[in-house]
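Student: Sequence and predicted structure, then a few things I'm wondering about:
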Amino acid sequence: MSEAPLLDVRNLSVNFHTQDGIVRAIDGVSYNVNRGETIALVGESGCGKTVSALSILRLIPDPPGKISGGEIFFDGVDLLALPKNQMLNVRGDKIAMIFQEPLTALDPVLTVGRQITEALEQHRGMYGHVAQEEAIRLLKLVGIPQPDQRIKEYPHQFSGGMRQRAMIALAISCEPQLIIADEPTTVVDVTIQAQLLELIRGITERLNTALILITHNLGIVARYAHRVYVMYAGHIVEHGASLDIYQHPYHPYTKGLLASVPRLDEPRKTRLQPIEGQPPDLIQLPKGCAFKPRCSECTDSCSQSAPPLIEIAPGHYAACP
Amino acid sequence: MMNREVIIEIKHLKKYFPVTSGLIRRKKIAELKAVDDVSFAIHRGETLGLVGESGCCKTTLGKCVLQLYRATAGEVWFSGKDLCKLSGKQLRPLRRNLQLIFQDPFDSLDPRFTASDIIGEPMQILNMHRTPKYRQRINELIQIVGLSPNMADRYPHEFSGGQRQRIGIARALALQPGFIVCDEPISALDVSIQAQIINLLDDLGKQFGIAFLFISHDLAVVRHISDRVAVMYLGKIVEIADRDSLYETPLHPYTQALLSAVPIPDPVVENKRKVIILKGEVPSPINPPSGCVFHTRCFRATEACSATIPQLIDVGNGHQVACLLVEAPPAKPN
């Protein structure tokens, strides 16, 4: 695309200082999102998906976490260089976040309506009745029945799916340019998951919002993402258009992931093909390629140095020699 | 399917929890129908998958079968006895044949026990730990589940999630049970580890002829591991059939919606699929809808659905479905 990307993360590294040593949560991660585009960050727990998204909003707890290097350009502004008070204008207004667990992300002592009107006051200068009516409109938009009643209720009075809908209403309240959805449907069931994801897709298409979808569910990625970044042990090991990744996976980890999940549309296999071994300890990463101990295709050169991302087809990159 | 020996049979099982109100004098104001008239049988060495959304009381059903909850009504037949009628003392000798694998390997292992203590505890309870074979059996179990014997004296926190789940499996196997309830055994594990555990359970079932009740919400995994599958909604079984029959020709609208909601990891396939999006959420089991419990969310519901409770009917080959819109096949003329 000729236009500059909406979000451009370059060489981002985040460390956590713990008693056992320094955890390199992400190490030299670069990715970008264009306007109106949906990208997915895929990987197992602990691979750095959430950390790389939280650092966009500078929500990494410091200490113990520290952004040790890199740049994050949003709409041409380096977010890491912004003073704290200007960062407040970005959070929730230009970039919104949908968290995994709405019960812990929503404030239990404020009504759902108040949490939405708070954002409207802060960023859109709406007060009183105007804000109230806007909040009702938003709740209606995300499919909450009787929004004028539910607005007075507290998060614990909502069911899991409803809470996540309220989170979505809150996220879109200021019509952000970018929404980060961190495992938005992990805590809900498949039928509710389908409802919520269709809702998010509808909203992002209508408002031309960019979306970063963080998930470990390869099926959701296939259904919704335009481009995919596969992460392993704090590195991006492969990225490209979603079609390329699924049809021609290149990195052994991507191939392994795709082969290990049973699929409903294929004839049943007699045996699943797991990736052997365990994800590595982030304090003591193996030298060279982090995936080497579990890789079936590795060579001697893999243990020398971490392989860089190489363009193996137009727009399709993989970090494997 | 071959006519095999039935290992456990559940007949009209019901479990109602009282809902109480009042601070000093607890008054029963309603009933939560967690399991409502459920019947099925599991054959020796067979895996029955149980799927449904959270809150449909899959786990409660599993616990009722194992007598960890005593059922309100109904029968659970195991080795010639109705477990629901036995006292705790009478149940004890039977319990060794009924085991459970838990969902969360971080909560289900005692942090102060070493791996070998955890695996050996069932044998200790039966006073088998004084025999010389005790240690040997533990080592054997550790190897069966794919760990190495030098890990036996480590504590749970030294293991990863997948390895912990293997310890839980070894503990369940310790007394050579004939029947194991697996309650979401892989949902707490990483994607790349899940396949390892599924393969392990699959192998163990075949090797030792264990029957599993495999509770999960992951329909793709259930299809992989099960011989038969039961679909549960709000405490009732709405469809039960052979695996292939259920996945290829789902008859109940809920099963159809569930299957279509599962995203498939392939963008080409996904773009062509039509997803059935259900309206609304699962209603409260305290006040379930009248008639067919699914009619409030059903995309095919008619007026009759809110009035009549559908019964499970057999449409052939043991494929049972509880839906008014599915008609029983005409009786075959002799």
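Tutor: The structure has been received and is ready for your questions.
Student: so where's chain A uncertain?
Tutor: Low-confidence segments of chain A (pLDDT under 70): A:1-2.
Student: Residue of it closest to chain B, please.
Tutor: In chain A, no residue comes nearer to chain B than A:G219, which is 3.0 Å away by Cβ to the nearest Cβ. (C-beta placed from N, C-alpha, C; glycine too.)
Student: List the residues that contact the nearest residue to that residue once chain neighbours are set aside.
Tutor: Once flanking residues are discounted, A:G219 sits nearest to B:P263: 3.0 Å by Cβ to Cβ, 6 or more residues apart in numbering or on different chains. Contact partners of B:P263, counting by Cβ atoms under 8 Å, 6 or more residues apart in numbering or on different chains, are A:217, A:219-220, A:222-223, B:270.
Student: repeat for A:Y253
Tutor: Listed by Cβ under 8 Å, 6+ apart, the contact partners of A:Y253 are A:230, A:232, A:237-238, A:275, A:291, A:294-295.
Student: from those, which are also near chain B?
Tutor: Residues of the contacts of A:Y253 in contact with chain B (Cβ under 8 Å from any Cβ of the partner chain): A:I275.
Student: now the helices for the chain?
Tutor: As the question left the chain open, I've gone with chain A. A:49-54, A:84-90, A:102-105, A:112-124, A:128-141, A:147-150, A:160-172, A:190-207, A:218-224, A:242-247, A:252-260 (DSSP state H).
Student: Actually, chain B is the one I wanted.
Tutor: Using DSSP H, helices in chain B cover B:58-65, B:88-95, B:115-125, B:133-144, B:161-173, B:191-208, B:219-225, B:243-248, B:253-261, B:267-272.
Student: Would you reformat the ones you listed as JSON lines and include distance to A:A40, mean neighbour count and mean pLDDT?
Tutor: Putting the helices of chain B into JSON lines (distance: least, Cβ to Cβ, whole Å; neighbours: other Cβ atoms under 10 Å in any protein chain shown; pLDDT from 0 to 100) gives the following:
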{"stretch": "helix B:58-65", "distance to A:A40": "30", "mean neighbour count": "23", "mean pLDDT": "90"}
{"stretch": "helix B:88-95", "distance to A:A40": "46", "mean neighbour count": "12", "mean pLDDT": "89"}
{"stretch": "helix B:115-125", "distance to A:A40": "37", "mean neighbour count": "20", "mean pLDDT": "91"}
{"stretch": "helix B:133-144", "distance to A:A40": "38", "mean neighbour count": "16", "mean pLDDT": "90"}
{"stretch": "helix B:161-173", "distance to A:A40": "23", "mean neighbour count": "24", "mean pLDDT": "92"}
{"stretch": "helix B:191-208", "distance to A:A40": "14", "mean neighbour count": "20", "mean pLDDT": "89"}
{"stretch": "helix B:219-225", "distance to A:A40": "19", "mean neighbour count": "23", "mean pLDDT": "91"}
{"stretch": "helix B:243-248", "distance to A:A40": "27", "mean neighbour count": "18", "mean pLDDT": "92"}
{"stretch": "helix B:253-261", "distance to A:A40": "19", "mean neighbour count": "22", "mean pLDDT": "91"}
{"stretch": "helix B:267-272", "distance to A:A40": "11", "mean neighbour count": "15", "mean pLDDT": "86"}
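Student: Output those helices as JSON lines; include the columns distance to chain A.
Tutor: Shown next, in JSON lines, are those (distance: least, Cβ to the nearest Cβ, whole Å):
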{"stretch": "helix B:58-65", "distance to chain A": "11"}
{"stretch": "helix B:88-95", "distance to chain A": "31"}
{"stretch": "helix B:115-125", "distance to chain A": "16"}
{"stretch": "helix B:133-144", "distance to chain A": "16"}
{"stretch": "helix B:161-173", "distance to chain A": "7"}
{"stretch": "helix B:191-208", "distance to chain A": "3"}
{"stretch": "helix B:219-225", "distance to chain A": "4"}
{"stretch": "helix B:243-248", "distance to chain A": "7"}
{"stretch": "helix B:253-261", "distance to chain A": "4"}
{"stretch": "helix B:267-272", "distance to chain A": "4"}
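Student: Pipe those helices into a markdown table and attach distance to A:D93 per row.
Tutor: Output for those, formatted as a markdown table (distance: least, Cβ to Cβ, whole Å):
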| stretch | distance to A:D93 |
| --- | --- |
| helix B:58-65 | 42 |
| helix B:88-95 | 59 |
| helix B:115-125 | 51 |
| helix B:133-144 | 55 |
| helix B:161-173 | 38 |
| helix B:191-208 | 35 |
| helix B:219-225 | 39 |
| helix B:243-248 | 46 |
| helix B:253-261 | 33 |
| helix B:267-272 | 32 |
